[in-house]
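>>> Pasted the sequence and its predicted model underneath.
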Protein chains: 2
Amino acid sequence: MLQQPVNKTELGELGEFGLIKQLTKDFSLKNKSSVLGVGDDAAILNYDNADVLISTDMLLEGVHFDLTYTPLKHLGYKAAVVNFSDIYAMNGKPEQITVGLACSNRFPVEALEQLYEGIGLACVNYGVDLVGGDTTSSKAGLIVSITVTGSVEKGKAVTRNGASKGDLLVVSGDLGGAYMGLQLLEREKSVFMEAPGTQPDLEGYDYILERQLKPEARGDIIELLKEKEIQPTSMIDISDGLGSEIFHLCEQSLVGCKLYEEKIPIDPTTYNLAREFGIDPTVCALSGGEDYELLFSISQADYDKIKGSMLVTVIGHFTDPAEGKLLIDKSGGVHDLKAQGWKSF
Amino acid sequence: MLQQPVNKTELGELGEFGLIKQLTKDFSLKNKSSVLGVGDDAAILNYDNADVLISTDMLLEGVHFDLTYTPLKHLGYKAAVVNFSDIYAMNGKPEQITVGLACSNRFPVEALEQLYEGIGLACVNYGVDLVGGDTTSSKAGLIVSITVTGSVEKGKAVTRNGASKGDLLVVSGDLGGAYMGLQLLEREKSVFMEAPGTQPDLEGYDYILERQLKPEARGDIIELLKEKEIQPTSMIDISDGLGSEIFHLCEQSLVGCKLYEEKIPIDPTTYNLAREFGIDPTVCALSGGEDYELLFSISQADYDKIKGSMLVTVIGHFTDPAEGKLLIDKSGGVHDLKAQGWKSF
């Protein structure tokens, strides 16, 4: 469905070092913490007076993305942004990334340039510097491995294990959209495979397609929390689905929870398309994943500070662990919450 | 040739989080800079009063290693150590790693445990903490992506671009062994493929096999330099071969060089096996790669401090860039040095 770049420069023409140089030539360092970037055995960073956060993620063709409908620029953007999301989920600010790239010869240099264009755009939008990388050949498609470093004020990192009974469970944005975007793309791919030449029917679905193909990380929520002087008691980003992430917070904080189905924020486009596909919209939110929204807990004393905010929604609260992890449905029925996260095995 | 582990626990039985927990359960944090390790969205590090070094490396089955003759424990050890080497090559001390792992279902959990055993042994031997990771499925064999962070005293990092005309070119250990180790393993693999059941003939080659399968990074050289109060003017580790690394130093420092063939340290085992294979031992050293020795330059004023050391050898000196990059052979003949590093494309 997607067109390959028109110009094709063979990877072998540049060699490994030439390729890295070519791909990173338009990147410049912007953060004070980035002392030396690409081009030596290691990059040099300086994080005086702050704690350093570090996280790593690997994306594989055929497992995490399908190049039939994922433009390489979007892939690069998303690969970077999902890493930034992990730093925000610790209450930090992403500042550097290193990019490991493995690809086969079927990719011309121009394709990798598109990928790096996406990574570069994400870096510009989020104020992050590319400081290092490794490029190698692969016999099996494209693999992108990104490591991100970021800063957080000393002692202010928010982990998954600080929630207490009574704390409110809060989520940013809305959920399930990325999952429905994927369902839509998969459906149009099947149609195309059966009748090549047909144009995909994606009109009116911009929002959920963007949720899947070009997600954003919620740095704005971290700023909001700082501005409102709220230190969350626990936090995680939603990569595997709301259900799975709530399980992580409960298990690491040793608490139970009550989640109210009617409070879960779902966009109308997501809701309607889920219905059309015969999927329960709540299940999309609980198990869909890849929303990259922030899920966090705050003490009840902080409730007034976020009351009425359009950016976040209180969806439940933590309880005594003996009460279990419960989902209260729209008619008041009580169910055991299941951790149906996305499983990669 | 290698036996698979006897116990086979399917990866799917544990799930992604269970697997990470299982693989990292025996790792503990030892460094003051490691504040929080595996188990949250990101690890937390603190590098007050020091610069942070960061480097990343990706190893792919069928490209960088062959599991026919690479024990998984050795692979884990090597994957970690080659990353440590990058930090030493900046004059730093490795302190943390994150491990990205992609593998197919053909690997039982026990196989990954062996890989992590090797990573763990390297961490213990070098005083490094495992602080994070990502584990996912792969349709194409095993992929190990490691990112290492380390510390260096502020302003003491040694880059590739600080060498001046007249500086002495120094290398640690001996060269070409890892390459001849690989040649030997490849030969025995061919023999085995043609006549399965034959036992490989590897006796007497422990040294070069270890150079290939279980290399060490030269932290002892960094300590030696510190003890002797030598601040190298430039430094790089030998991953692609002496020729290629000298090119990097010359090009980034804007200098030429004279390298003396007779000074290049080559172990007798390497030398003799190269002769047996009909390969020029000097070519092994120049182009073989994977020795993970340190190549650095020092000002002439520091020469007396290392004179007579068994750990390092002066192999040449830097010159005016107009003089070019020259190899002086054993009979005094002058040749243009070629950057015949290992090319991954």
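Happy to help now that I have it.

>>> what's the pLDDT at the closest residue in space to A:D291 that isn't next to it in sequence?
Setting aside the residues directly before and after it, A:D291 is nearest to A:I238 in space (Cβ to Cβ, 6 or more residues apart in numbering or on different chains), at 4.6 Å. In short, each C-beta sits where N, CA and C put it, glycine included. Here, the pLDDT recorded for A:I238 equals 97.

>>> ok, A:I208 touching A:L184?
Yes - here A:I208 reaches A:L184: they are 6.7 Å apart, a contact under Cβ atoms under 8 Å.

>>> Give the intersection of the neighbour lists for these two.
A:L273 (Cβ atoms under 8 Å, 6 or more residues apart in numbering or on different chains).

>>> and these two? which has more neighbours close in?
A:I208 (25 against 21; other Cβ atoms under 10 Å in any protein chain shown).

>>> if I pick the more buried one, what's in contact with it?
A:I208 neighbours (Cβ under 8 Å, 6+ apart): A:G177, A:A178, A:M180, A:G181, A:L184, A:D267, A:T269, A:T270, A:L273.

>>> Surely the third one touches A:E276?
No - the pair A:M180 and A:E276 does not pass the contact test of Cβ under 8 Å, sitting 9.4 Å apart.

>>> of the two, who's got more company?
Taking other Cβ under 10 Å, A:M180 and A:E276 do not tie; A:M180 has more neighbours (29 against 11).

>>> sec struct for the residue lying closest to A:L209 once chain neighbours are set aside, please.
Closest residue in space to A:L209, ignoring its immediate chain neighbours: A:G181 at 4.9 Å, by Cβ to Cβ, 6+ apart. The three-state label given to A:G181 by DSSP: H, G, I helix; E, B strand; the rest coil is helix.

>>> confidence score at A:G181?
The model's pLDDT for A:G181 equals 95.

>>> isn't A:D291 right next to A:D240, touching?
No - using Cβ under 8 Å, A:D291 makes no contact with A:D240, being 9.7 Å away.

>>> Quick check: the residue of the stretch 101-250 of chain A nearest chain B.
Using Cβ to the nearest Cβ, the closest approach of the stretch 101-250 of chain A to chain B is made by A:A140 at 2.8 Å.

>>> ok, that residue touching B:K139?
Yes - under the criterion of Cβ under 8 Å, A:A140 makes contact with B:K139 at 6.6 Å.

>>> Same drill for the two, tell me which one is more crowded.
Neighbours per residue, other Cβ under 10 Å: of A:A140 and B:K139, the larger number sits with A:A140, 22 against 13.

>>> ok now do the more buried one, which residues does it touch?
A:E61, A:S104, B:S138, B:K139, B:A140, B:G141.

>>> of those residues, closest to B:G15?
Nearest to B:G15 out of these is B:S138 (Cβ to Cβ; 16.2 Å).

>>> nearest residue to the closest one other than its sequence neighbours?
B:A102 (3.8 Å).

>>> Downstream of the helix or strand hosting the one you found, the next helix or strand is which one?
Using DSSP states H and E, the element containing B:A102 is strand B:93-103. The helix or strand immediately downstream of strand B:93-103 is helix B:109-126, counting by DSSP H and E.

>>> Just after that next one, pick out the following helix or strand.
Once the chain leaves helix B:109-126, the next helix or strand it forms, by DSSP H and E, is strand B:129-137.

>>> buried residues in the following helix or strand past that next one?
Counting by DSSP H and E, the next helix or strand C-terminal to strand B:129-137 is strand B:143-153. Residues of strand B:143-153 classed as buried: B:I143, B:V144, B:S145, B:I146, B:T147, B:V148, B:T149, B:G150, B:S151, B:V152 (neighbour count, 16 or more other Cβ atoms under 10 Å in any protein chain shown).

>>> go on, stretch A:33-45?
Here stretch A:33-45 shows A:33-45 as buried, counting by 16+ other Cβ under 10 Å.

>>> same deal with stretch A:175-193?
Here stretch A:175-193 shows A:175-185, A:188, A:192 as buried, counting by 16+ other Cβ under 10 Å.

>>> Please identify the residues of the stretch 151-300 of chain A in proximity to chain B?
A:V152, A:K154, A:A157, A:T159, A:R160, A:N161, A:M235, A:I236, A:D237, A:Q252 (Cβ under 8 Å from any Cβ of the partner chain).

>>> cutoff 6 Å now
A:A157, A:T159, A:R160 (Cβ under 6 Å from any Cβ of the partner chain).

>>> Now, of the residues you listed, which are buried?
Applying 16+ other Cβ under 10 Å to these flags A:A157, A:T159, A:R160 as buried.

>>> What sits closest to the last one if chain neighbours are left out?
To tie it back to what came earlier, the one meant is A:R160. Closest to A:R160 by Cβ to Cβ, 6+ apart is A:Q252, at 4.2 Å.

>>> What is the burial count for the one you found?
Neighbours of A:Q252 using other Cβ under 10 Å come to 17.

>>> okay but it is in contact with A:N161, surely?
Yes - using Cβ atoms under 6 Å, A:Q252 makes contact with A:N161 at a distance of 4.0 Å.

>>> Going along the chain, name the strands of chain A.
Along chain A, the segments classed as strands by DSSP state E run A:34-36, A:43-45, A:50-60, A:93-103, A:129-137, A:143-153, A:168-172, A:234-237, A:256-260, A:294-298, A:312-319, A:325-328, A:334-336.

>>> As JSON lines, those with distance to B:D201 would be great.
Listed next are the strands of chain A as JSON lines, based on distance: least, Cβ to Cβ, whole Å:
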{"stretch": "strand A:34-36", "distance to B:D201": "47"}
{"stretch": "strand A:43-45", "distance to B:D201": "44"}
{"stretch": "strand A:50-60", "distance to B:D201": "38"}
{"stretch": "strand A:93-103", "distance to B:D201": "34"}
{"stretch": "strand A:129-137", "distance to B:D201": "31"}
{"stretch": "strand A:143-153", "distance to B:D201": "36"}
{"stretch": "strand A:168-172", "distance to B:D201": "63"}
{"stretch": "strand A:234-237", "distance to B:D201": "54"}
{"stretch": "strand A:256-260", "distance to B:D201": "63"}
{"stretch": "strand A:294-298", "distance to B:D201": "59"}
{"stretch": "strand A:312-319", "distance to B:D201": "65"}
{"stretch": "strand A:325-328", "distance to B:D201": "60"}
{"stretch": "strand A:334-336", "distance to B:D201": "61"}
